[in-house]
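Participant: quick one: sequence and predicted model below, then my questions.
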Amino acid sequence: MAQKKRSTSGLIVLFALAVVLCFAIANANSQESAAQAAPEQTAMSGQDSLGMARGDSMSIVKKIDDMKERARLGWFYKVRYSGLGDFFVRGGAFMWPLLICSIIALVFIFERLFTLARARVDVKNLMNRVSQALRGEGVDAALKVCEGTRGPIAAVIHSGLLRAGQGPDAVKEAIETAGSIETSFLERGLVVLATVSTIAPMLGFLGTVSGMMNAFAAIAAAEQVSAKIVASGIEEALITTIAGLTIAIPASVGHAYFVSQIERFVLEMEEASANLVNELVELQKK
């Protein structure tokens, strides 16, 4: 019994010593890890401070470069770094021919709008005045009415009145010739708008191909592929596509609108010419 008690107490003492030894080893390991982590934290804090210093110096350099760029470009600086200017620059080299297409389309659209607005005239009122002048004072008075009215319809009627003494056939021939000339004048610039509406999307798609080629070239040159590497090329491709379609749509709409307006002018010229011929025939009968 005594031997059993002694062996049991010995085991308890050994177990206690093992627990104390484990705690001591754990404490020593924690102190060692803390001692190792302290220099690492110090190095990291030093790196952070160094990174912050570098960031501050880079921001200062960037501000200086920005001031130099502002002084060099002058008023063009605001255009270059505006939203539209930055959009243009990110589109790449094909944005320049697209810009030229947009300027040409705008010039011809505004020119045609102004010309067709000046060409409009109240055809019924004009023909009533011409008929009254013919019946009351003769051909010379009707010619003066046409000369005082601008537009292609008045010009066509004026050409017919100049042949009034040669018979209805001569009047019709003069009206047809003048109508062809005035119609070609009204259609001036429509070929340019049709060309721009065709070329602009093709240039946009060509810029799309160029941007995708740049993106694949960046992938081939990079050791590790990431979205950031191909983003600029894909962005260039999409910007040129958007620009080409943005130019082509207004040009196409403007072309269709002007064609419809010219067809309206042609119908009005034909109606006025028929009324003039009938009026001359009635005067000859009287």
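Facilitator: Yep, that arrived. Residues are numbered from 1 along each chain as shown.

Participant: what residues of stretch 243-260 count as buried?
Facilitator: Ala243, Gly244, Ile247, Ala248, Pro250, Ala251, Ser252, Gly254, His255, Phe258 (16 or more other Cβ atoms under 10 Å). The way it works is simple: take the backbone N, C-alpha and C, and place the C-beta from them, glycine included.

Participant: with secondary structure, distance to Val130 and pLDDT added, can I get those in JSON lines?
Facilitator: Compiled in JSON lines, the buried residues of stretch 243-260 are given as follows (DSSP: H, G, I helix; E, B strand; the rest coil; distance: Cβ to Cβ, whole Å; pLDDT from 0 to 100):
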{"residue": "Ala243", "secondary structure": "helix", "distance to Val130": "50", "pLDDT": "93"}
{"residue": "Gly244", "secondary structure": "helix", "distance to Val130": "49", "pLDDT": "94"}
{"residue": "Ile247", "secondary structure": "helix", "distance to Val130": "44", "pLDDT": "95"}
{"residue": "Ala248", "secondary structure": "helix", "distance to Val130": "43", "pLDDT": "95"}
{"residue": "Pro250", "secondary structure": "helix", "distance to Val130": "39", "pLDDT": "95"}
{"residue": "Ala251", "secondary structure": "helix", "distance to Val130": "38", "pLDDT": "95"}
{"residue": "Ser252", "secondary structure": "helix", "distance to Val130": "38", "pLDDT": "95"}
{"residue": "Gly254", "secondary structure": "helix", "distance to Val130": "33", "pLDDT": "95"}
{"residue": "His255", "secondary structure": "helix", "distance to Val130": "33", "pLDDT": "95"}
{"residue": "Phe258", "secondary structure": "helix", "distance to Val130": "27", "pLDDT": "95"}
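
Participant: could I get those as TSV with distance to Pro97?
Facilitator: What follows is these, written out as TSV (distance: Cβ to Cβ, whole Å):
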residue	distance to Pro97
Ala243	10
Gly244	10
Ile247	10
Ala248	13
Pro250	17
Ala251	14
Ser252	18
Gly254	19
His255	20
Phe258	24
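
Participant: ok, which pair from those residues is furthest apart?
Facilitator: The most widely separated members of those, counting by Cβ to Cβ, are Ala243 and Phe258 (23.2 Å).

Participant: low-scoring stretches of this protein, by residue?
Facilitator: 1-84, 225, 286 (pLDDT under 70).

Participant: make it 80
Facilitator: 1-89, 218-233, 283-286 (pLDDT under 80).

Participant: the strands in it, which residues?
Facilitator: Shown for the chain, no strands are assigned by DSSP state E.

Participant: what sits up against stretch 114-131?
Facilitator: 142, 145-146, 149-154, 157, 161, 186, 258, 261-262, 265, 268, 271-272, 275-276, 279 (Cβ atoms under 8 Å, 6 or more residues apart in numbering).
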